[in-house]
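>>> with the input below, show me the fold.
(one chain, ligands or ions: 3)
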Amino acid sequence: MTAETNDIPAPRGSEASDQPGTAPVASGDNGAQSGRSGHPPGRPNNGGGSPGHGRRRRRRRRSEAQRGGGADLREGLTPVDLAARRLGIARLYEEQERVIANAMAGKDLLVVLPTGFGKSACYQIPSMILPKPVVVISPLLALLRDQHEKLLKRKIPCVRLDGTVRGKARREALEQIARGGSLLVMTTPETLGSQEGQAALRQSGASLAAVDEAHCISEWGHDFRPAYLQLGERLRALGAPPVMALTATATANVRADIVRFLALREPVVVSGSPHRANLAFEVLHSRGDARLRALIRFARRLRRPGIIYCTTTREVDNVFTALQMLRIPAHRYHGKMASNDRNHQQEMYMKAGRRTVMVATSAFGLGIDKPDIRYIVHYQSPASLEQYVQEAGRAGRDGQKANCILLYDEDDRAIHEALLQKSRVRPDQLYKLGRALAAWAAEGRTPNLEALALSAGQGPRITGALLAVLAEAGLVDLGEDGSITILEPAESIEERSRSLAGQFETLRTQDGRRMDSIAEYVFTGECRAVLLRRYFGEADGAPCGLCDVCRGRPERPSSFWEPIAQPERKRKKKRRGNRRRNKKKGGPAVAAEVLTSPLEPAGDGGEALLPIDELPLPADD
Ligand SMILES: Nc1ncnc2c1ncn2[C@@H]1O[C@H](COP(=O)(O)OP(=O)(O)OP(=O)(O)O)[C@@H](O)[C@H]1O
Ligand SMILES: [Mg+2]
Ligand SMILES: [Zn+2]
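Ligands and ions are numbered 1, 2, ... in the order given. Coordinates of the predicted model:
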């Protein structure tokens, strides 16, 4: 059995008790070419997007095509251009072109480009051109499935091989891989390590291995995955093809780990600023009831579509109800909803041209590729700046101005600490289990769960959870019948679980640091964009001129904190609806109370700011 994650990719600990979910459906065609402005997401729009620049680029590309032998002479298109078109991409960004050219030349690459930039195209395009398969390794089944479906629709040769592909489908997938040729093989680290997966790939050979979400390899990263630790070895077993490591957010430590663990050979680094110049960052200190009022005022004033992120499912429900009461068109999304309801809400929100608000936990993320999102409000602070930048980065992908507002209350930290406490592996327990396994291995016996739990001096539930971690790291194999096979010799299993425990220890320390980084961002006296760039290892650059710090944090009028009047029209009908709902839950009544009863003006830390859309815009906006 494998330990692949079949989860919605919510950052660890971000949602109290989320069920493993189905992949949210990314609706519509995400090609997003004609509708997009010339600004690549994640890149400042003051440089690359001018029409003059585009013309220069086209001219240059044509002459390259004429030189290159494989060009389509009628249109002057290179094989890369043609492959891009098959993906629905009219024009590649400069960074993508650079990555693809280096990959096709057999160089190792470290690609750090913001979320939604279009990193997938960097390996999808070579897979259509290179003679042998391109293998992409991803930590999340949902991501693989999503991408696989999109490529199949476009008739791009690809095959998915992970733990959920079984029986006949698996045999066919393995045969297709073994036949080789230009093909994208999409897999997980666990399946890549499986014997049949390795055998098929050794038969076909690989032109390139792309490691997606490469930050998962590092215990300094926010989403460490033990299975990633063995990737280096597994790639060597495949004949050490050129490697492309891709991630959206990587600090200097994480970058160093990626290079070391994947054994990248003098990698070409292609990175872009994690922040886009069209995003206006703002932090508003608000506590208690003032928070919901501030949120509602934003939701009323800011242009939609928008996303409101909350930490817990309960907050999502509360905020959603409040928006409904005020007749602000809203959807919601969290892990405690039935998956078809959740998917339906997402589909409705994603419809092109729809101007609604999505209230969600961080479970809402995968496949969110709506170009015209105008604001992201964080109703509570996220657990890390990595998470914040990823979520805020869903706004303004069309290059138009968008607001990223964080409603900050220092008490939010306690919630994250509690959630992380629950979700993180305890290093000492992991080590104890490793020692117990070593004892069983030394005797050449295989334990069952109860016996193992007993010898490790831990409960069976905890032991089961820890075993899953050891399985992901490739130390044990867990059979579907409950059998536990020890894969390492007794001498090394103790050592390896000790080192794994050490990595989780680092992760725990880092959790605290990451939470500190949110506070640094909140209380900074310098441009927020500059701070974000530095945090992710980019040169500081010029202040953005858009964030609240650059604008000098103007005062909000006291009316900003006053109770919010409910809309007059249709009030009668609405009230009836509320009463009915009140019987079931306490939520709406609470929300109504907070919104409409008088409130003290924001007290300590309740800094007042002008609503952002009442501020003068910079000249170039
Ligand atoms: N050059 C381009 N022009 C326009 N759209 C593009 C371009 N390249 C990619 N896209 C589109 O951008 C969207 C996001 O791409 P992709 O999923 O590859 O992002 P990503 O960088 O992998 O983000 P994440 O870090 O969130 O995984 C896709 O719909 C893709 O079709
Ligand atoms: Mg991606
Ligand atoms: Zn700024």
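
>>> ok, now how distant is the residue of the chain most remote from its centre from ligand 1?
In the chain, the residue that sits farthest from the middle, by Cα atoms, centre = their mean, is Glu443; the gap is 43.7 Å. Using Cβ to the nearest ligand atom, to the nearest Å, Glu443 is found at 46 Å from ligand 1. Heads up, the C-betas are built off the backbone N, CA and C, glycines and all.

>>> what residues sit buried inside the longest helix that the chain contains?
Criterion DSSP state H: the longest helix present in the chain is helix 490-523. Under the neighbour-count criterion of 16 or more other Cβ atoms under 10 Å, helix 490-523 has 493-494, 496-497, 500-501, 503-505, 507-508, 510-511, 514-515, 517-518, 521-522 buried.

>>> what residues does the stretch 151-300 of the chain put near ligand 3?
Taking Cβ under 5 Å from the ion, no part of the stretch 151-300 of the chain reaches ligand 3.

>>> quick check: residues of this structure near ligand 3?
527, 529, 543-544, 547, 550.

>>> between these, which has the most around it?
Within those, Ala529 tops the neighbour count with 27 neighbours, counted by other Cβ atoms under 10 Å.

>>> what helix or strand is the closest residue to ligand 3 within the stretch 251-400 of the chain on?
Nearest residue of the stretch 251-400 of the chain to ligand 3 (Cβ to the ion) works out as Phe281 at 6.9 Å. Assigned by DSSP states H and E, Phe281 belongs to strand 279-285.

>>> so where's this structure shaky on pLDDT?
1-75, 274-275, 366-367, 554-557, 565-621 (pLDDT under 70).

>>> walk me through the domains of it.
Domain ranges of the chain: 2-24+80-272, 279-416+553-596, 425-514, per automatic domain parsing.

>>> that older thread, where's the residue farthest from the centre of the chain relative to Leu466, distance?
20 Å (Cβ to Cβ, to the nearest Å).

>>> before we move on, what about Arg303?
Arg303 sits 48 Å away from Leu466, going by Cβ to Cβ.

>>> so the two - more neighbours on which side?
Leu466 (24 against 15).

>>> look up the closest residue to that one, ignoring the ones flanking it.
Leu433 (4.9 Å; Cβ to Cβ, 6 or more residues apart in numbering).

>>> try Arg534
Nearest to Arg534 is Asp540, by Cβ to Cβ, 6+ apart, at 5.5 Å.

>>> just confirm Val377 is within a helix.
No. Using DSSP: H, G, I helix; E, B strand; the rest coil, the assignment for Val377 is strand, not a helix.

>>> quick one: residues contacting it.
Val377 sits next to 295, 298-299, 302, 306-309, 403, 405-407 when contact means Cβ atoms under 8 Å, 6 or more residues apart in numbering.

>>> one more pass at 7 Å, please.
Counting by Cβ atoms under 7 Å, 6 or more residues apart in numbering, Val377 touches 295, 298, 306, 308, 405, 407.

>>> coming back round to it: my guess is the residue of the stretch 251-400 of the chain closest to ligand 3 contacts Ala529. True?
Yes. Using Cβ atoms under 7 Å, Phe281 is in contact with Ala529, at 6.5 Å.

>>> now do the shared contacts for the two.
Common contacts of Phe281 and Ala529, defined by Cβ under 7 Å, 6+ apart, comprise Cys547.

>>> please report how far the one residue in the stretch 401-550 of the chain that gets nearest to ligand 1 lies from ligand 3.
Closest approach between the stretch 401-550 of the chain and ligand 1, counting by Cβ to the nearest ligand atom: Phe536, at 13.0 Å. Phe536 is 16 Å from ligand 3, where distance means Cβ to the ion, to the nearest Å.

>>> number of residues surrounding that residue?
Using other Cβ under 10 Å, Phe536 has 23 other residues around it.

>>> surely it and Ala252 touch.
No. With contact defined as Cβ under 7 Å, Phe536 does not reach Ala252; the gap is 8.9 Å.

>>> wait, what's in contact with whatever residue of the chain ends up closest to ligand 1?
Proximity to ligand 1, evaluated over the chain using Cβ to the nearest ligand atom, is greatest for Gly118 at 2.5 Å. The contact partners of Gly118, by Cβ under 7 Å, 6+ apart, come to 93, 96.

>>> that one and ligand 3, how far apart?
Per Cβ to the ion, Gly118 is found 26 Å from ligand 3.

>>> one more: Val136?
36 Å.

>>> give me the element that residue is part of.
Going by DSSP H and E, Val136 is in strand 134-137.

>>> partner strands of that strand and their direction?
Using DSSP bridges, the strands paired with strand 134-137 are strand 184-187 (parallel), strand 208-211 (parallel).

>>> quick one: the ones you listed as TSV, columns for mean neighbour count too.
What follows is the strands paired with strand 134-137, written out as TSV (neighbours: other Cβ atoms under 10 Å):
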stretch	mean neighbour count
strand 184-187	26
strand 208-211	27
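
>>> next, format those strands as TSV and append distance to Ser384.
Output for those, formatted as TSV (distance: least, Cβ to Cβ, whole Å):
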stretch	distance to Ser384
strand 184-187	28
strand 208-211	21
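
>>> could these go into a markdown table alongside distance to ligand 1?
Compiled in a markdown table, these are given as follows (distance: least, Cβ to the nearest ligand atom, whole Å):
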| stretch | distance to ligand 1 |
| --- | --- |
| strand 184-187 | 13 |
| strand 208-211 | 11 |
